[in-house]
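Q: Got a sequence here, can you model it:
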Amino acid sequence: LRVHPTGKAILKLGVKTQGQGHETTFAQIVADELGIPPSDVLVQHGDTDNTPYGLGTYASRSTPTGGAATAVVARKLRDKARQIAAHMLETSPDDLEWADDRFHVKGAPDRGASIQEVAFAAYTNHPPGMEAGLEGVTYYDPPNMTYPFGTYVVAVEIDPDTGEWKIRRLVAVDDCGVRINPMIVEGQIMGGLTEGFAMSAMQLITFDDDGNCIGSNFMDYLLPTAWETPNFELHETVTPSPHHPLGCKGVGESATVGSPAAFVNAVIDALAHLGVRNIDMPVTSAKVWDVLRQARR
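A: A predicted model of the protein is given here:
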């Protein structure tokens with residue numbers, strides 16, 4: 001992380017986005033820690049000629065590692081900025097408070113300096129003996145795993161004449177710790193729920209007798225559109241992770257892991273009175289109709 005003399009910043013990451021909104025989320029972390037507007041934070045990733053070595057995002061890995069590293073390096077820079085601000089304001093670093101995105105002297109809020117003013121001083125008026133600049137590098141190795149929690153409840157209705165099943169209600173409660181950007185988190189959860197529905201209801205890779213893949217393209221391999229995808233009711237609980245400087249956990253795969261069982265079990269529960277205990281995914285209308293036909297014999 002480097003803060004330029006202009007007060008704008010550049011953050012270089014070893015985790016690569018796959019559409020999770022890293023550019024937004026990580027800029028928000030810098031903004032919250034240093035008081036720099038998110039629009040003034042440039043986030044770069046994915047090119048090891050210019051960014052740190054990394055192993056990709058792995059869906060739920062980015063926030064527990066990259067987010068933590070971003071928070072830690074930002075706090076290191078803020079500690080250095082405190083010393084520069086004390087030099088500018090001719091006081092001790094211990095006499096400064098950080099509030100409202102600026103340093104100010106305790107008991108004298110009018111005597112203060114913004115991070116932009118400190119950043120300029122870091123290159124022009126830093127304390128004697130201090131290395132110029134306001135930048136740092138941090139590698140973060142989590143001390144332990146973080147586990148998000150989730151509960152998914154599905155209510156379905158089955159047409160006894162066709163075997164078609166429809167989702168009447170889906171309630172999801174997720175706990176990924178502190179949410180940096182709630183809208184992005186909800187987007188991740190909705191995407192996971194949609195994929196869970198797809199796996200449980202329609203997605204299947206099959207082969208013919210000659211070993212040719214039947215669902216090798218998107219004309220034959222079914223994907224849910226907005227027409228088939230049900231509405232989701234999203235709720236949350238917040239249990240901060242003790243192993244993360246911001247209390248965050250990953251959320252990338254949560255709904256994809258938990259929801260398929262909820263969809264399938266809802267159908268099985270609706271057919272339990274017929275003695276049904278298992279239906280292999282995907283639970284197609286044809287499979288349900290076959291169960292109903294067998295029960296009528």
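Q: buried residues in the biggest helix by length in the chain?
A: When the chain is parsed with DSSP state H, its longest helix is helix 68-89. Of the residues in helix 68-89, 68-74, 76-78, 80-89 count as buried by neighbour count, 16 or more other C-beta atoms under 10 Å. In short, each C-beta sits where N, CA and C put it, glycine included.
Q: How far does stretch 233-249 stretch from one end to the other?
A: With C-alpha to C-alpha, to the nearest Å as the measure, the first residue of stretch 233-249 is 21 Å from its last.
Q: burial of the residue nearest to Lys16 when sequence neighbours are not counted, as a residue count?
A: Once flanking residues are discounted, Lys16 sits nearest to Gly46: 4.5 Å by C-beta to C-beta, 6 or more residues apart in numbering. A count of neighbours around Gly46, defined by other C-beta atoms under 10 Å, yields 15.
Q: Wait, Gly46 touches Gly14, no?
A: No: using C-beta atoms under 8 Å, Gly46 makes no contact with Gly14, being 9.4 Å away.
Q: Which pLDDT value does the model give Met199?
A: Met199 is assigned 94 on the pLDDT scale.
Q: before we move on, back to that, what about the residue nearest to Lys16, distance to Trp165?
A: 42 Å (C-beta to C-beta, to the nearest Å).
Q: The protein: helices as residue ranges?
A: 22-34, 62, 68-89, 115-124, 182-201, 254-270, 285-296.
Q: which one of these lies closest to Pro242?
A: helix 68-89 (12.3 Å; C-beta to C-beta).
Q: what distance separates the closest one from the centre of its chain?
A: 26 Å (C-alpha atoms, centre = their mean, to the nearest Å).
Q: Just the CA atoms of that helix, as CSV, please.
A: Taking Å, rounded to 0.1, in the frame of the first residue of the first chain, the C-alpha atoms of helix 68-89 are listed here in CSV:
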residue,chain,number,x,y,z
ALA,A,68,-6.7,-8.9,6.6
ALA,A,69,-3.4,-7.9,5.0
THR,A,70,-5.0,-4.7,3.7
ALA,A,71,-6.2,-3.8,7.2
VAL,A,72,-2.8,-4.6,8.8
VAL,A,73,-0.7,-2.6,6.3
ALA,A,74,-3.1,0.3,6.5
ARG,A,75,-2.7,0.4,10.2
LYS,A,76,1.1,0.3,9.9
LEU,A,77,0.9,3.3,7.7
ARG,A,78,-1.4,5.1,10.1
ASP,A,79,1.1,4.5,12.9
LYS,A,80,3.8,6.2,10.8
ALA,A,81,1.4,8.9,9.9
ARG,A,82,0.7,9.5,13.6
GLN,A,83,4.4,10.3,14.1
ILE,A,84,4.5,12.6,11.1
ALA,A,85,1.4,14.4,12.3
ALA,A,86,2.9,14.8,15.8
HIS,A,87,6.0,16.4,14.1
MET,A,88,3.8,18.7,12.1
LEU,A,89,1.7,19.7,15.1
